[in-house]
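>>> 3D, please:
(chains A and B)
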Amino acid sequence: MTLAQRGRWVTLVGLILLAGVYVRALAFTPTEATQGLAQKIYYIHVPAAVWAEMSMIFIGLASVFFLFLKDPRLDRFAEASAQVGVIFALVVLTTGPIWGKPIWGTWWTWDARLTLTLLLFFIYLGYLVLRGAITDPGLRARYAAVIGICGLVLVPFIHFSVLMFRTLHPQPIVLKPSAPSLPGVMLVTLLFSFGVFTILYIGFVMQTYAIAVANETQVDG
Amino acid sequence: MIARKDLVLEFRTRTAFLSAAVFTALVLTVFNFGRDPTAVPTLDLAPSILWVTFTFAAMLAFNRAFQLELENDALDALLVSPISRSSLYLAKFVANCVFVGVVECVGLPLFVLFFDVPVWGVLAPLAGVIALATVGFVAVGTLFSAMVIRTRFAELMLPVLLLPFLIPPLVGAVQVTAALLAGRPLSEVTGWLRLLAAYDIVFLALAAVLFPTTVNE
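Presented below is the predicted three-dimensional model:
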């Protein structure tokens, strides 16, 4: 089985399980008291946000190692991760406003986390646009690695600078120093969804990676 | 030495300086029409106007920095000469800093004139924060401009890549400038000053390390 086919199977499993997340979130998880049904989007929004940021971290790490090892596989992985990351960032930027309108009363606000995700989205776009503008593979890989590393270093700076503004966004309730304050049933749904998004990330990356390989052999042959 | 060569060249031709200065003046003029002076007090808007203008002026400067070297393969000549890649970066960085600095020296008085901003009491700290933010802008801008000149659509590519990276220093500079112009003490904005300084140090070091990979064949 080729990588693309395996990637397709992993993605298929992820999508079926995603349907499972919906079923569990809508039918078997209690509705949040104050926010009502709108809170259900949390189970999609948060895992997508986590993976949107993780993709950037992976790109940065792959870029650092690429500059040392010069292994084209690392470059292809970074490219695949960027393509998946930009989609997840888009999911976050779409589900956020859908939740924000009924809860905050506005589609968009220049809140810390929103700004961070938007800029992350722009960094991904810049990264991919740069890749598209260079034809020489070696040059493309090196330049992309430089942007990838800079992007990784930039994220904490954006984080600090936007956090110094006041934030409207709900504070983290799972990954925080004290014990998670999310009720058990909801936490299980969230973790389930997080697992599904991990599978989806792997499946998508496998497929985009296979596309990158196919493109290269096409150019060579 | 390369920094000096670049600057001498710029001063001799003067075209780049002149056009960048005129551009700055024009952006400031355009801003005057893009606001309603009766509805929004100038002071509320002034820091944003100043920094958006400087950001765009700096962008113009970066586009030019390596263009010159590319035109008659001068960059290759520089690369075969026995100068370390990192000092080449630093030379370019210094030249860009001076270039952007000169443009800002033209822009600031015009800004004060056009928008009637009370800067006299805070001129020294204001110059300090401009310098701090400019170093950050130029550190990243010089690195990126070395890359984009070898891509297609270089003039468009640079802003697309660079603007997200300029957001942290831009936010910090606007906050500090606003505090200064409103007569608030600097102690209110030490967090932002620290952020600006950290950004300068981290990105200058990172760019000096990464620059060799952008020019090596």
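>>> Which strands or helices does the longest helix seen in chain B pack on?
Longest helix in chain B by number of residues (criterion: DSSP state H): helix B:85-115. Secondary-structure packing of helix B:85-115 (3 or more C-beta pairs under 8 Å, 6 or more residues apart in numbering or on different chains; DSSP states H and E): helix B:2-13, helix B:15-33, helix B:42-65, helix B:74-80, helix B:123-148, helix B:190-215. Yep, even glycine has a C-beta here, placed from its N, CA and C like the rest.
>>> Could you list the buried residues of that helix?
Going by neighbour count (16 or more other C-beta atoms under 10 Å in any protein chain shown), the buried part of helix B:85-115 is B:85, B:88-104, B:106-108, B:110-112, B:114-115.
>>> Now A:R140: which helix or strand?
Assigned by DSSP states H and E, A:R140 belongs to helix A:137-163.
>>> Repeat that for B:R150.
B:R150 is part of no helix or strand, with elements assigned from DSSP H and E.
>>> now do the one 10 residues further on
Element membership of B:V160 [criterion: DSSP H and E] is helix B:154-181.
>>> Could you pull up the residues touching the residue sitting nearest the centre point of chain B?
The C-alpha lying nearest the average C-alpha coordinate of chain B belongs to B:A58 (C-alpha atoms, centre = their mean; 3.7 Å). By C-beta atoms under 8 Å, 6 or more residues apart in numbering or on different chains, the contact list for B:A58 reads B:V100, B:V103, B:T134, B:F137, B:V138, B:G141.
>>> Quick check: residues of chain A near chain B?
Neighbours of chain B within chain A, by C-beta under 8 Å from any C-beta of the partner chain: A:67, A:119, A:122-123, A:125-126, A:129-130, A:133-134, A:139, A:142-143, A:145-147, A:149-150, A:153-154, A:157-158, A:160-162, A:164.
>>> From the residues you listed, keep the buried residues only.
So, of these, A:67, A:119, A:122-123, A:125-126, A:130, A:133-134, A:142-143, A:145-147, A:149-150, A:153-154, A:157-158, A:160-162, A:164 end up buried under the neighbour-count rule (16+ other C-beta under 10 Å).
>>> before we move on, the earlier item: hey, which of the helices and strands packed on helix B:85-115 is tucked in deepest?
Compared across the helices and strands packed on helix B:85-115, helix B:123-148 shows the largest average neighbour count, a mean of 22 (mean count of other C-beta atoms under 10 Å in any protein chain shown).
>>> what about that helix, distance to the chain center?
4 Å (C-alpha atoms, centre = their mean, to the nearest Å).
>>> Now look at it and say if it contacts chain A.
Yes. Helix B:123-148 reaches chain A (C-beta under 8 Å from any C-beta) through B:V140, B:L143, B:M147, B:V148.
>>> okay, the angle between that helix and helix B:154-181?
If you take axes from the mean of the first three to the mean of the last three C-alpha atoms, to 10 degrees, helix B:123-148 sits at 160 degrees to helix B:154-181.
>>> What residues does chain B have near chain A?
Chain B comes close to chain A at residues B:140, B:143, B:147-148, B:150-153, B:157, B:160-161, B:163-165, B:167-168, B:171-172, B:175, B:191-192, B:195, B:198-199, B:202-203, B:206, B:210, B:213-214, as judged by C-beta under 8 Å from any C-beta.
>>> any idea of the angle the helix holding A:R140 forms with helix B:123-148?
Using the same axes, to 10 degrees: helix A:137-163 against helix B:123-148 is 150 degrees.
>>> Let me see the contact set for residue 164.
I'll assume chain A. By C-beta under 8 Å, 6+ apart, A:M164 lies in contact with B:Q175, B:G191, B:W192, B:L195.
>>> Wait, chain B was what I had in mind.
By C-beta under 8 Å, 6+ apart, the neighbours of B:P164 are A:L119, A:F122, A:I123, A:G126, A:L154, A:I158.
>>> Could you identify the most distant pair in these?
Using C-beta to C-beta, those span at most 13.6 Å, a distance reached by A:G126 and A:I158.
>>> that's a helix at A:T11, yeah?
Yes. Counting by DSSP: H, G, I helix; E, B strand; the rest coil, A:T11 is found in a helix.
>>> Nearest spatial neighbour of it, chain-adjacent residues omitted?
Of all residues not flanking A:T11 in the chain, A:G203 sits nearest, at 3.3 Å (C-beta to C-beta, 6 or more residues apart in numbering or on different chains).
>>> helix/strand/coil for that neighbour?
When classified by three-state DSSP, A:G203 comes out as helix.
>>> Would you map the helices across chain A?
Going by DSSP H, chain A shows helices at A:3-23, A:42-69, A:72-104, A:112-133, A:137-163, A:184-220.
>>> Show me the shaky parts of the chain.
You didn't pick a chain, so chain A it is. Along chain A, segments meeting pLDDT under 70 span A:28, A:32-34, A:36-37, A:165-184, A:219-221.
>>> ah, I was thinking of chain B
For chain B, applying pLDDT under 70 flags the ranges B:1-3, B:5-14, B:35-42, B:65, B:68-78, B:80-82, B:216-217.
>>> how much space is there between the residue nearest to A:T11 and chain B?
Relative to chain B, A:G203 is positioned 28 Å away (C-beta to the nearest C-beta, to the nearest Å).
>>> quick one: the nearest residue to B:V135 once chain neighbours are set aside from chain A, how far?
Leaving aside its chain neighbours, B:V135 sits nearest to B:D200 (4.7 Å; criterion: C-beta to C-beta, 6+ apart). Plainly put, B:D200 is 11 Å away from chain A if you go by C-beta to the nearest C-beta.
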